[in-house]
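[1] One predicted model, sequence on top.
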Amino acid sequence: MLNNWEIHLKKVHVILRDKASNMKAAMEDMAVPSLGCFAHTLQLVVHEGLMSQHSVSDALANSRKIVAHFKHSQLAQSHLEDLHREMQGAGTTTTPARLVQDVQTRWNSSFYMIKSLLTEKRPLCAYAADHNLPATLSANEWGLLEKTVTVLEPFEELTRKISSATSTAADVIPAVTVLKRLLAEENGTDSGIKTMKSTLLQAVSRRFSSIESESLYAVATLLDARYKD
């Protein structure tokens, strides 16, 4: 590609790539500086955290089955929307939220799936009382999903920010620093959530262990006026 565009290697400051080993090897063979995909690394971090607790992974598995039921049945979806409207307060006209099915390659789709279920919790519980669902969520699982969303919100915000057209390499070190600080906070959550936060913190520390010593990230941050103070 560089040859096609007549770009000399000396003019290449850095190439952004995914985390695949073959891409990393290709950059090393070309002797070109490269940086791995930050969003992909976040994906790996969050996957570790979600899978660290059987209770969370079980709740997610049940959530997928529930969402799939409504995705595959227009009749069931219509009934759920009717229940949503029936449960609205006087003068309220909120639109029923569409349940979101998660995708394995995008961790934030799990976040959006949980949020969509929590938004429609009352209609879903009413539907489950009169219909057979392939899976249901217990009161404990609903509570666990609420806490999981709270833990994952900083990751979702960071993923959106880092995926925007205006994000730069200068954002990486400050973002990782903030993530570590948030995950290290003690806020009295139950043992399962504490374990998940601990796993996330360990994963962040391990997978981003070299960013501060990576000159490309360090120089970018030092030169960015937003991070002067």
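    All right, it came through fine.
[2] Which residues outside the helix ranked longest in the chain are in contact with it?
    The helix spanning the most residues in the chain, taking DSSP state H as the definition, is helix 139-162. Helix 139-162 has contacts (Cβ atoms under 8 Å, 6 or more residues apart in numbering) with 38-39, 42, 45-46, 49-50, 55-56, 58-59, 62-63, 107-108, 111, 114-115, 117-118, 121, 137, 167, 171-172, 175, 178-179, 182, 189-190, 192-193, 196-197, 200. Where C-beta positions appear, they are placed from N, C-alpha and C, glycine not excepted.
[3] element containing Gln77, please.
    If you go by DSSP states H and E, Gln77 is part of helix 74-86.
[4] What's the first helix or strand after that helix?
    For helix 74-86, the following helix or strand on the C-terminal side (DSSP H and E) is helix 107-119.
[5] Buried residues, that following helix. List them.
    Using 16 or more other Cβ atoms under 10 Å as the burial criterion, the residues of helix 107-119 that qualify are Trp107, Asn108, Ser110, Phe111, Tyr112, Met113, Ile114, Lys115, Ser116, Leu117, Thr119.
[6] go on, stretch 179-193?
    Of all the residues in stretch 179-193, those buried under the rule 16+ other Cβ under 10 Å are Leu179, Leu182, Leu183, Gly192, Ile193.
[7] Using JSON lines, please lay out those together with pLDDT, distance to Phe155 and secondary structure.
    Written out in JSON lines, the entries for these read as follows (pLDDT from 0 to 100; distance: Cβ to Cβ, whole Å; DSSP: H, G, I helix; E, B strand; the rest coil):
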{"residue": "Leu179", "pLDDT": "93", "distance to Phe155": "7", "secondary structure": "helix"}
{"residue": "Leu182", "pLDDT": "91", "distance to Phe155": "9", "secondary structure": "helix"}
{"residue": "Leu183", "pLDDT": "91", "distance to Phe155": "10", "secondary structure": "helix"}
{"residue": "Gly192", "pLDDT": "75", "distance to Phe155": "18", "secondary structure": "helix"}
{"residue": "Ile193", "pLDDT": "81", "distance to Phe155": "14", "secondary structure": "helix"}
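[8] okay if I get those residues as TSV plus distance to Thr159?
    TSV is the format used below for the buried residues of stretch 179-193 (distance: Cβ to Cβ, whole Å):
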residue	distance to Thr159
Leu179	11
Leu182	14
Leu183	15
Gly192	23
Ile193	20
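[9] pLDDT score for Arg17?
    Arg17 is assigned 83 on the pLDDT scale.
[10] pLDDT below threshold where in the protein?
    Counting by pLDDT under 70, the chain contains low-confidence ranges at 89-93, 188-189, 229.
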